[in-house]
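Novice: using only what follows, build the 3D model:
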Amino acid sequence: MYGLINLSLLDTTPGGCGPFAPPDDWQGDYWRYLQERFDGDIGARQQIAVVGRCLVQKNEGLRTLFIGPHAADARKFALKAWLANV
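Specialist: Numbering: from 1, shown residues only. Reported below is the predicted structural model:
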């Protein structure tokens, strides 16, 4: 799970890779899933916070694109996570 994360392309598809992708067999409330990951997994928490920071700072040359069925919620969650912890 941990390791390099491509900050320019974040997948929210179940079974995908990264902190925003639930397990392949997952079903349920996506926002709750992210909150549980954020609260219970320090690695996912750090990656989500970094993504939120990148969205806020809008680093030159770095464009962050969320893909998959939960893209809009993932983006909102990352922003909220960073702004709540600043």
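Novice: which residues in the chain form strands?
Specialist: Per DSSP state E, the chain carries strands over the ranges 9-11, 65-67.
Novice: can you lay out those strands as a markdown table showing distance to residue 31, mean pLDDT and mean neighbour count?
Specialist: Every residue, glycine included, has its C-beta placed from N, CA and C. Shown next, in a markdown table, are those (distance: least, C-beta to C-beta, whole Å; pLDDT from 0 to 100; neighbours: other C-beta atoms under 10 Å):
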| stretch | distance to residue 31 | mean pLDDT | mean neighbour count |
| --- | --- | --- | --- |
| strand 9-11 | 16 | 94 | 19 |
| strand 65-67 | 14 | 95 | 15 |
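Novice: how many residues are close by residue 41?
Specialist: Neighbour count of residue 41, defined by other C-beta atoms under 10 Å: 15.
Novice: got the contact list for the closest residue to residue 38 other than its chain neighbours?
Specialist: Nearest residue to residue 38, sequence neighbours excluded (C-beta to C-beta, 6 or more residues apart in numbering): residue 45, at 5.1 Å. Residue 45 is in contact with 37-39, 81, counting by C-beta atoms under 8 Å, 6 or more residues apart in numbering.
Novice: now render these as CSV, adding distance to residue 75 and neighbour count.
Specialist: Listed next are those as CSV, based on distance: C-beta to C-beta, whole Å; neighbours: other C-beta atoms under 10 Å:
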residue, distance to residue 75, neighbour count
37, 15, 18
38, 14, 20
39, 19, 10
81, 11, 19
